[in-house]
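Asker: Coordinates for the following, if possible.
(chains A, B, C and D)
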Amino acid sequence: MAIFINSDTRVVVQGITGKQGRFHTQQMLKYGTKIVAGVSPGKGGQEAEGVPVYDSVFAAAKEHQVDAGVLFIPAAFAKDAALEAIDAGLKLLVCITEHIPLHDAAEIMAFAKKRGATIVGPNTFGIVSSGQCKIGIMPNQFFTPGPVGIVARSGTLSYEIVGNLSHAGFGTSTVVGMGGDRIVGLNFIDVLTQFEQDPDTKVIILVGEIGGSSEEEAAEYIKENISKPVVAYIAGQSAPPGKRMGHAGAIIERGKGTYQGKIDALKAAGVHVAALPYEVPNIIRELNIF
Amino acid sequence: MAIFINSDTRVVVQGITGKQGRFHTQQMLKYGTKIVAGVSPGKGGQEAEGVPVYDSVFAAAKEHQVDAGVLFIPAAFAKDAALEAIDAGLKLLVCITEHIPLHDAAEIMAFAKKRGATIVGPNTFGIVSSGQCKIGIMPNQFFTPGPVGIVARSGTLSYEIVGNLSHAGFGTSTVVGMGGDRIVGLNFIDVLTQFEQDPDTKVIILVGEIGGSSEEEAAEYIKENISKPVVAYIAGQSAPPGKRMGHAGAIIERGKGTYQGKIDALKAAGVHVAALPYEVPNIIRELNIF
Amino acid sequence: MKLFEYMGKDLFRQYGIPTPKGKVIRTAGEAGPVTEELGNVVIKTQILSGKRGKAGGIKFADQSSDAIEAANSILGKEFNGLVAEEVLIEEKLPIEKELYLAIVMEGSLRGPILLASQYGGMDIEEVPEANIIKMPIDIHVGIQPYLCREIARKLELTGDIQQQFSKMLPNLYRLFKERDCEMVEINPLVIADGKLVAADAKITIDDEALYRQPDLPKVEERNEAEQKAHAIGLSFVQLDGDIAIMANGAGITMATLDVINHYGGSPANFLDAGGGANVEQTAAALELLLSTNPKAIFINIFGGITRCDDVARAFLQVNSQKSIDVPVVIRLVGTNQEAGVKLLQEQGIVAYEHMQEAAMKTVALAKGMVE
Amino acid sequence: MKLFEYMGKDLFRQYGIPTPKGKVIRTAGEAGPVTEELGNVVIKTQILSGKRGKAGGIKFADQSSDAIEAANSILGKEFNGLVAEEVLIEEKLPIEKELYLAIVMEGSLRGPILLASQYGGMDIEEVPEANIIKMPIDIHVGIQPYLCREIARKLELTGDIQQQFSKMLPNLYRLFKERDCEMVEINPLVIADGKLVAADAKITIDDEALYRQPDLPKVEERNEAEQKAHAIGLSFVQLDGDIAIMANGAGITMATLDVINHYGGSPANFLDAGGGANVEQTAAALELLLSTNPKAIFINIFGGITRCDDVARAFLQVNSQKSIDVPVVIRLVGTNQEAGVKLLQEQGIVAYEHMQEAAMKTVALAKGMVE
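Answerer: Modelled structure (predicted):
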């Protein structure tokens, strides 16, 4: 099962002939992802990593049934590429690109909502349903099938946690990177809803950060709607308030989004909170569900 | 039952303090429509025809539960009023106003689609579920409950047919005026789908016109999806091609939308076609279903 | 409102869409200096109709005398039933390819659609569906770069021409949107000397939006009677029969024509008095009908917003002011029906209740078969 | 990028949003002629921080000598930790009412939201939620007349002020959109002499969109080290501890800080080398850390796009060029881990696999507890 993507998901790669596009297409193919087409304007008819290349998503979608797309497109052109993918009918779009202007992101989200498309990212490492389909840039070796579903705002931090889990013998069902920007497509609640429904997921890990209010909103939601155990780790306990911490989401605004506020909300919702990232496997073990 | 509106539907009237707004509010109240609020910027706090008036749809929606709205607003301001109603959360909006610019209509439709709102019209006489709720400008006396569902592009022509039915002893379930403009919210197929589901509707009358292709599309749809008997009357058999006939929908474009083409399509779909409007009751009688 | 080609090209220039060099003239003599300046020219009849070429409305010349002669053979002449009062003289382009491009407001999509084809030119209507590119435009998103690339790809445009196209298309859409167009059409959009040029321009402005387009030129297509009707808010089209018809609503007016035809009558016009015409408008409509000298008049009213008593009053008013010497049949149902019928009865006039009956009577009267 | 108040007001004027008359000065003497021209004036410290008033950064004067004195007491002085290098002198308005108005890009809405309040002014943060109007803006629909009316109604604006507001708000939104703003804020938006005037301006431009806003003034908030890091594409914030930290990704960098803190260490900085830093960038980052004279350096890499062998190579390169005299702990996992670990081993350097272990070691080294 897994959520959002699985072994049937057919993927088109936008920007497949670029350096990043090529490299990660190769990695995704190695992982087993069904990449059916690539897009690169002006390079239609070529092949990249054994995948046929088209001039547009429309052209690719005419020749192949495609379910999802992934963007390896520079920030200045990402909005156009995303709108094209949505207009051409893709229902899931993973936007790896970072540094996309906020107003562009907002326009992408508005168009996606109108057309019923799901956007993962931008500024995400992607999404992987372990052993089935990887759409993103995460290292292949850590993502082995198992009962743990993960949803995270931050990329490398997720690898850290997945690495620790892997070391402790726990595999993952689906790992979703929401993306580090202020405006992203999926939020915690969207993903939690899916995990709750997914028979392959027995425990959910939420990897948050200081700043914003999405962890607090997730806590509210968990209290009412999630029956599966949830473990959370929130980064930024010792980050100085108000300083710029790499991405906008990490700016603490107007006293909201503090570490303590998030922890309190999560604990009140019955979530198991890890103080440090490598505590997560122990907490899962103590749940005594496996 | 009936479709779209019924005796529970709570209605807000935009432009209630204008001459048309007042008159038709009175008529709708007489018919039994639950009008819970009126809107007229700058006149909040007043009453019109016994209905409380608010400065905005937002303000009305805060005080009352409202399901549907109706617009008695001059064409130049209709787009703004419609967007307001949609933004304030109305799910059904009847746009009586005629002469709305096409580009305004297109923007209304795009916003309505995004928010999941249904637009009836513009340039419509409205919609009435007989004996339950009338949102529009049709004369009250002809709309008595019965088994006939009607969907029409043109107003007075519908009255003509409803009058004939009434004379022959047939009442109506719901009568829907799609509106006479090139861009309108509902099309025949949307309404046919609802009638097919409605237990109160036993036979469907489709009142079309030359021009456009919506009758042909309806015929295609009927063939596959409608089990109830459908009777059609198409106006314009003797209209000269290409002449302007009052509204844009009546212009025959590029050889499409001819009378004969529509009749042929409808007959091929098993629809009973009346050559003249007053033949409709006889055809229904001959169906031998009542 | 349709615009003449030269007006459309003026708009194209305002919006940065390349057009051929040229000048519109109203007298043949003006063709001389224009041709001297431009060299090889094409001389184009300015009428609000397609198929000018096939009707002989497009000529070529490479010297002033020929151009003047050509202009002379066009100006004041009739093409497809329309008199040419202006001629557009333009440089003759070395055409390599003719494309088709249009943006239209489409009812079933409830918004704009872009149409394009590699096979533009005079016979675009015969081009098979498969060779017409159709792309709906989301009015909230507009024409984005990807859409330009996609259309260009399907038109098989490459290199610099593709760049020119991607620059031009958003401008065309901006014109379409800012000028409330029902349709903008370029046929042909030509490639000549490595440049993309709009060799023709067909623009229709949405009549309902004219009030907010005050700086557009005014073009009048209606005849005198139609203009008079329009001025008082009625929709009137002259036909070639002898029974004048007035009804309220486009649908019922069409149905009335159908019924009159069915009984062997011949409608003299289509007059939709619309929803809610008052006494004054109705009276004016009646006078308009009288002025066309019909053999009979059929007033067919199913009152919704229109009030039957207003219609009766209007008729009585006109009747008292001038002697109506053609038979008038009045059918009156709906809002304030009783009051209307009573007003007429008081003057000895019968109002019919059923359309069928009234229509049959009208036809019989027009044919002189009854008194 | 935050703009100074006077820059924001320049933008307001470009977009037709009324502002008080005024002039920005950089030396106290300039205050004289400005005050003579404007009469009663307000003298406002230009710093990129709120709460200037409470910090004594806003003064009043009604004659030149007082204004010069006030400017003198501000220029070059520190307010809320920031040095004032400019002062804005403006006419003092006869304020009748102070409103609050802002448009912000909101994450949970995935688009813009409009915030407004009748209770604008210095204490806006203490105004209860119930008195803050919040209206999401659909980015495809923008600010339509109905939205202006609705906000004005909720702000209890009437008559001419309502008209002014309805004219001003679409302009503010246009600025927000065209200038890629993260936030535009007017606090207070005042009513003075029957006019609506933006008495303050707080604008933040989206950093990611600066490339397409070439004509905006440049404002630099970063210190020297932070600028250096930014120039090579790294995100660096200086902190006050003694353990220099470098990790790849904002989340893991924060987590690294947390872990160091947990074991009693004190981070000297936040350095996110980001995804996919190459050898050159990593080496530059390392040199930056060395230049801050920490007691220990912790390099914590979980390679995704970042390749462990590149990190190893960068370290070895720096190590061979200059003598690194502080202890460096390297944790290396992920993409090309084996190659990276091997490269370090060949030079006798241990790479840790677990963050916990590596962090504990780093803290111990910084405290001089191990060699």
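Asker: quick one, strands of the stretch 151-290 of chain A?
Answerer: A:172-177, A:203-209, A:230-235, A:272-274 (DSSP state E, counting those that start in this stretch).
Asker: Compare those and give me the one nearest D:Thr35.
Answerer: strand A:203-209 (48.8 Å; Cβ to Cβ). In short, each C-beta sits where N, CA and C put it, glycine included.
Asker: Using TSV, lay out the strands of the stretch 151-290 of chain A together with mean pLDDT.
Answerer: Shown next, in TSV, are the strands of the stretch 151-290 of chain A (pLDDT from 0 to 100):
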stretch	mean pLDDT
strand A:172-177	97
strand A:203-209	96
strand A:230-235	96
strand A:272-274	97
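Asker: of these, which approaches chain D most closely?
Answerer: In terms of Cβ to the nearest Cβ, the element of these nearest to chain D is strand A:230-235, at 4.0 Å.
Asker: Each with direction, which strands does the closest one pair with?
Answerer: Note on strand A:230-235: by DSSP bridges, its sheet partners are strand A:203-209 (parallel), strand A:272-274 (parallel).
Asker: Deepest in the core, which of the ones you listed is it.
Answerer: strand A:203-209 (a mean of 27; mean count of other Cβ atoms under 10 Å in any protein chain shown).
Asker: and the stretch 51-200 of chain A, which of its residues are near chain B?
Answerer: A:Lys113, A:Lys114 (Cβ under 8 Å from any Cβ of the partner chain).
Asker: Contact residues of the stretch 51-200 of chain A facing chain D?
Answerer: Residues of the stretch 51-200 of chain A lying near chain D (Cβ under 8 Å from any Cβ): A:75-76, A:98-107, A:109-111, A:113-114, A:125, A:137-139, A:152-160, A:163, A:180, A:182-185, A:187.
Asker: what's the neighbour count on the residue of chain C found nearest chain B?
Answerer: Distance from chain B to each residue of chain C (Cβ to the nearest Cβ) is smallest for C:Gly251, at 2.3 Å. Other residues near C:Gly251 come to 32 when the count uses other Cβ atoms under 10 Å in any protein chain shown.
Asker: Just to be sure, it is in a helix?
Answerer: Yes: assessed by DSSP: H, G, I helix; E, B strand; the rest coil, C:Gly251 belongs to a helix.
Asker: So for it, what's the nearest residue that isn't a sequence neighbour?
Answerer: Excluding the flanking residues, the one nearest C:Gly251 by Cβ to Cβ, 6 or more residues apart in numbering or on different chains is B:Ser154, at 2.3 Å.
Asker: who touches the residue in the stretch 1-150 of chain A that chain C sits nearest to in this structure?
Answerer: Of all residues in the stretch 1-150 of chain A, the one sitting closest to chain C is A:Glu84 (3.6 Å; Cβ to the nearest Cβ). For A:Glu84, the contact set (Cβ atoms under 8 Å, 6 or more residues apart in numbering or on different chains) comprises A:Gln14, A:Ser56, A:Val57, A:Phe58, C:Gln144, C:Tyr146, C:Leu147, C:Glu150.
Asker: Please identify, among these, the one with the most neighbours.
Answerer: Within the contacts of A:Glu84, most neighbours by other Cβ under 10 Å means A:Gln14, with 32 neighbours.
Asker: Please give me every residue in contact with it.
Answerer: A:21, A:38-40, A:57, A:69-73, A:81, A:84-85.
Asker: would A:Val13 count as being in a strand?
Answerer: Yes: A:Val13: assigned to a strand according to three-state DSSP.
Asker: Which secondary structure element is home to the residue nearest to it when sequence neighbours are not counted?
Answerer: Nearest non-adjacent residue to A:Val13, counting by Cβ to Cβ, 6+ apart: A:Gly38, 4.6 Å away. For A:Gly38, the host element (DSSP states H and E) is strand A:34-39.
Asker: following that strand, which helix or strand comes up?
Answerer: strand A:47-48.
Asker: neighbouring strands for that next one, and are they parallel or not?
Answerer: strand A:51-54 (antiparallel).
Asker: Which positions within the partner strand qualify as buried?
Answerer: Going by neighbour count (16 or more other Cβ atoms under 10 Å in any protein chain shown), the buried part of strand A:51-54 is A:Val51, A:Pro52, A:Val53, A:Tyr54.
Asker: Check which helices and strands the helix or strand hosting C:Lys23 is in contact with.
Answerer: Here C:Lys23 sits within strand C:22-25, counting by DSSP H and E. Strand C:22-25 is packed against helix C:5-14, helix C:31-38, strand C:87-91, with contacts defined by 3 or more Cβ pairs under 8 Å, 6 or more residues apart in numbering or on different chains; DSSP states H and E.
Asker: Out of the ones you listed, which gets nearest to C:Asp309?
Answerer: Closest among the helices and strands packed on strand C:22-25, once you apply Cβ to Cβ, is helix C:5-14, at 45.9 Å.
Asker: as a whole number, average confidence for the closest one?
Answerer: Averaged across helix C:5-14, pLDDT comes to 97.
Asker: Quick one: neighbours of the residue in the stretch 1-150 of chain A that chain D sits nearest to, just the number.
Answerer: Per Cβ to the nearest Cβ, A:Pro101 is where the stretch 1-150 of chain A lies closest to chain D, at 3.7 Å. By other Cβ under 10 Å, 25 other residues sit near A:Pro101.
Asker: Good, we can wrap up now.
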